[in-house]
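Asks: Mind looking at a prediction? Sequence and model below.
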Amino acid sequence: MSDTRRILLIAPEGQVGWELLRCAQSLGKVTTAKRVHENPQLCIDLANTDSIRRVVETVKPHIILNAAAYTAVDKAESEPELAEQINSTAPAVLAETAKRLNALFVHYSTDYVFDGTNKYPYKETDTTNPVSVYGATKLKGEQAIQAIGGHYFIFRTAWVYGMRGKNFLLTMQRLAGERDLLRVVDDQRGAPTWSRSIAEASTQILAQSLSPRLQLDLTELAGIYHMTCGGNTTWYRFAQAILAHAEKQPTLEPIPTSAYPTPAKRPTYSTLCNSKLAQTFGIRLPDWENALTLCLDAGK
């Protein structure tokens, strides 16, 4: 692969972005853009369309990796305008600019575009029906990218965790050291997904898609793909698996969602079917239990 390929990574400080920064180096020269940057030309304000366009035009990338999102699910209920700017408008501007530059645009979305009423893993073609502002703004971002077209991948993932940032894994580890009893929801089901697994799979897909030898049709490949670890579990069972590795073992108590009210409603069932990803690219992320073990080992 050419070492002159330019890659623009937006939000390298986030869970997925941090891992992408390390995985994507094999694809070309990675330039990062974030709100606070040592290079003023690469300071990006995702709530400002002019700022977004300026950064992209400065780098003129061949690939744009958008790891940015407004992910404060509950706070989004009281900040719908900001959530829409970051989750809907910003991806649309990025997709538009990418198409103009003939760049490949990679965007990450969420299981929250579904309402959680399914009894089987959601496919990419299943009807969306978000039940929160966060889910609605992420869906609107997907729809804008699809309407603009060009070369793009939208990877829907779920229950993302890692050894950085704010996530369920780190919260459970912290609370285990502070409390003797933890009450965790046991009637929401999904697939915990390690941020590094997402970054590794994304990089493998990009390597295939841009390989001169394979000569794949990016227009034909463009679309939505589900990308989560295999299997599924509940938050309570996930907590059990996490705390099995903890020094202190607090008592865990399963509770229903109704006992832990939140401003934003969560999908009860949000397991995603990853068959399209496997059939198209031959890639499957590890089962969630194996990925958790690898993540905890990597964090030692």
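Replies: Yep, that arrived.

Asks: ok but Gly141 is inside a strand, no?
Replies: No - applying DSSP: H, G, I helix; E, B strand; the rest coil, one finds Gly141 to be helix, outside a strand.

Asks: Distance check, it against Leu94.
Replies: To Leu94, Gly141 is 10 Å away according to CB to CB, to the nearest Å. All C-beta atoms are positioned from the backbone trio N, CA, C, and that covers glycine.

Asks: Give me the common contacts of these two.
Replies: Taking CB atoms under 8 Å, 6 or more residues apart in numbering as the criterion, Gly141 and Leu94 both touch His107.

Asks: Compare these two (neighbour count), which wins?
Replies: With neighbours defined as other CB atoms under 10 Å, Gly141 and Leu94 compare such that Leu94 has more, 31 against 28.

Asks: which residues in the chain form strands?
Replies: Ranges of strands in the chain, per DSSP state E, are 6-10, 29-33, 63-66, 104-110, 152-157, 160-161, 181-185, 189-190, 193-194, 223-226, 233-234, 251-255.

Asks: Name the residues that touch the fifth one?
Replies: Here strand 152-157 makes contact (CB under 8 Å, 6+ apart) with 16, 95, 98, 104-111, 113, 124, 142, 145-146, 193, 198, 202, 205, 209, 221-228, 272.

Asks: Quick one: buried ones out of these?
Replies: In the contacts of strand 152-157, burial by neighbour count holds for 16, 95, 98, 104-111, 113, 124, 142, 145, 193, 198, 202, 205, 209, 221-222, 224-228, 272, counting by 16 or more other CB atoms under 10 Å.

Asks: among the strands of the chain, which is nearest Pro267?
Replies: Nearest to Pro267, of all those, is strand 189-190, at 7.7 Å by CB to CB.

Asks: Distance from the chain centre to that closest one, please.
Replies: Strand 189-190 sits 16 Å away from the centroid of its parent chain (CA atoms, centre = their mean, to the nearest Å).

Asks: Tell me which residues are up against it.
Replies: Asp111, Ala158, Trp159, Thr228, Asn232, Thr233, Thr234, Pro267, Thr268, Tyr269, Ser270, Thr271.

Asks: Out of the residues you listed, which comes closest to Ala136?
Replies: For the contacts of strand 189-190, the minimum distance to Ala136 (CB to CB) is 12.6 Å, reached by Pro267.

Asks: Against Ala95, how distant is Val56?
Replies: Taking CB to CB, one finds Val56 at 11 Å from Ala95.

Asks: Between these two, which contacts overlap?
Replies: Counting by CB under 8 Å, 6+ apart, nothing touches both Val56 and Ala95.

Asks: So among the contacts of strand 189-190, which ones count as buried?
Replies: Asp111, Ala158, Trp159, Thr228, Asn232, Thr233, Thr234, Pro267, Tyr269, Ser270, Thr271.

Asks: circling back: tabulate the contacts of strand 189-190 (a markdown table), appending distance to Ala259 and pLDDT.
Replies: Formatted as a markdown table, those follow (distance: CB to CB, whole Å; pLDDT from 0 to 100):
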| residue | distance to Ala259 | pLDDT |
| --- | --- | --- |
| Asp111 | 22 | 98 |
| Ala158 | 23 | 98 |
| Trp159 | 20 | 98 |
| Thr228 | 26 | 98 |
| Asn232 | 21 | 97 |
| Thr233 | 19 | 98 |
| Thr234 | 14 | 98 |
| Pro267 | 18 | 96 |
| Thr268 | 14 | 96 |
| Tyr269 | 18 | 97 |
| Ser270 | 20 | 94 |
| Thr271 | 22 | 98 |
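
Asks: farthest-separated two in these?
Replies: Thr228 and Thr268 (16.5 Å).

Asks: Tell me which residue of this protein is furthest from the middle?
Replies: Residue farthest from the centre of the chain, counting by CA atoms, centre = their mean, is Asp180 at 32.0 Å.

Asks: ok, now which ones touch it?
Replies: Shown in contact with Asp180 (CB under 8 Å, 6+ apart): Pro250, Thr251.

Asks: Which pLDDT does the model give the residue nearest to the spatial centre of the chain?
Replies: In the chain, the residue lying closest to the centroid (CA atoms, centre = their mean) is Tyr108, at 4.6 Å. pLDDT, Tyr108: 98.

Asks: Also Asn39?
Replies: We have a pLDDT of 88 for Asn39.

Asks: what's around it, how many residues?
Replies: Using other CB under 10 Å, the number of residues around Asn39 comes to 11.

Asks: again with Ser51
Replies: Neighbourhood size, Ser51 [other CB under 10 Å]: 17.

Asks: Please name the nearest non-neighbouring residue to it.
Replies: Once flanking residues are discounted, Ser51 sits nearest to Asp45: 4.1 Å by CB to CB, 6 or more residues apart in numbering.
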